[in-house]
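Enquirer: the following block contains a protein sequence and its predicted model.
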Number of protein chains: 2
Amino acid sequence: MRDDDIAIIMRAMGHPVRLNILRILARQERGECCCADVTDELTLAQSTVSQHIKVLLDAGLIERKPRGTRNCYIVQHDRLAALGDAYAGMIAGFSPAPSNLEAEPA
Amino acid sequence: MRDDDIAIIMRAMGHPVRLNILRILARQERGECCCADVTDELTLAQSTVSQHIKVLLDAGLIERKPRGTRNCYIVQHDRLAALGDAYAGMIAGFSPAPSNLEAEPA
DNA sequence: GTGGTTAATCGTCATTTGACGATAAAATGG
DNA sequence: CCATTTTATCGTCAAATGACGATTAACCAC
């Protein structure tokens, strides 16, 4: 995963409302999905929620599933996990003891 | 770690240049720290780099250490790890099988 | 087809971001 | 003390963000 991709996902998650939306979607996922249910859990206008959802969509963190007259969104756990892996790998590379020191401590 | 904190850190890391700066700082950390070395590794103005550094500072991802006439910055591995933990915990809570389903699969 | 519901899109607006050059501020070397 | 180096800060500017209301589009149910 490139830096650009990590940055895009991080940026998408870098807003408390969007973290909240992810949480709400994940919670509703058992059984029924949701869409405007998100809107009245938040004290925000419908268009604002739709914008936030679009950001999450563009980052690949959720997926749209049209269901009749409403749109449901599914959290993409794969992508969340992928970011977790990429992040873990990155900060592992950040740790001390790089190439020319970890070989011979003598 | 609250959603706001996670969002602040994610936002700070949600830019490829800042990811790069973190990487550069982490790399230089063995032996000597650095400051303007970052600037000429990137094709960006000094003031721009300083701004990005300030964002990382405010998010607690790096720490300033004045060393003579120059300022060195140290990656805060603790905070990076804390975000990793918070993130892992969060997406673990996102997983399916919530409270009323995981008990009795019968 | 008409009406109602849901949700995306549009237009607007204030604020923030990202970039830059220019300017100050602090420590070093002479 | 003066010049130099380093770096933070200031002012500016274009572009993006976050929020909103209003409008449009799509899909039922009559």
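Expert: That came through, no problem.
Enquirer: from here on, contacts and neighbour counts on C-alpha atoms
Expert: Fine.
Enquirer: any idea where the helices of chain A begin and end?
Expert: A:3-13, A:16-28, A:36-41, A:46-58, A:77-94 (DSSP state H).
Enquirer: anything in the helix or strand bottoming out on mean pLDDT in chain A near DNA strand D?
Expert: Sorting the helices and strands of chain A by mean pLDDT, DSSP states H and E puts helix A:36-41 at the bottom, at a mean of 90. No: using C-alpha under 7 Å from any atom of the strand, we find that helix A:36-41 stays clear of DNA strand D, coming within 9.5 Å at best.
Enquirer: which secondary structure elements does that helix contact?
Expert: Under the contact criterion of 3 or more C-alpha pairs under 8 Å, 6 or more residues apart in numbering or on different chains; DSSP states H and E, helix A:36-41 touches helix A:16-28, helix A:46-58.
Enquirer: can you say which of those is nearest to B:Phe94?
Expert: Closest of these to B:Phe94 is helix A:16-28, at 5.2 Å (criterion: C-alpha to C-alpha).
Enquirer: tell me the angle the closest one makes with helix A:46-58.
Expert: Interaxial angle, helix A:16-28 versus helix A:46-58 (axes from the mean of the first three to the mean of the last three C-alpha atoms, to 10 degrees): 80 degrees.
Enquirer: alpha carbons only: can I get helix A:16-28 in PDB?
Expert: Below are the C-alpha coordinates for helix A:16-28, written out as PDB (Å, rounded to 0.1, in the frame of the first residue of the first chain):
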ATOM      1  CA  PRO A  16     -14.900  12.400  14.300                       C
ATOM      2  CA  VAL A  17     -18.200  12.500  12.400                       C
ATOM      3  CA  ARG A  18     -16.900  10.000   9.800                       C
ATOM      4  CA  LEU A  19     -15.500   7.700  12.500                       C
ATOM      5  CA  ASN A  20     -18.900   7.900  14.100                       C
ATOM      6  CA  ILE A  21     -20.600   7.000  10.800                       C
ATOM      7  CA  LEU A  22     -18.300   4.000  10.400                       C
ATOM      8  CA  ARG A  23     -19.300   2.900  13.900                       C
ATOM      9  CA  ILE A  24     -23.000   3.300  13.200                       C
ATOM     10  CA  LEU A  25     -22.700   1.400   9.900                       C
ATOM     11  CA  ALA A  26     -20.800  -1.400  11.600                       C
ATOM     12  CA  ARG A  27     -23.300  -1.700  14.300                       C
ATOM     13  CA  GLN A  28     -26.300  -1.800  12.000                       C
END
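Enquirer: the most centrally placed residue in chain A and chain B, how far apart?
Expert: Central residue of chain A (C-alpha atoms, centre = their mean): A:Leu61, 4.4 Å from the mean position. From A:Leu61 over to chain B the distance is 12 Å, taken as C-alpha to the nearest C-alpha, to the nearest Å.
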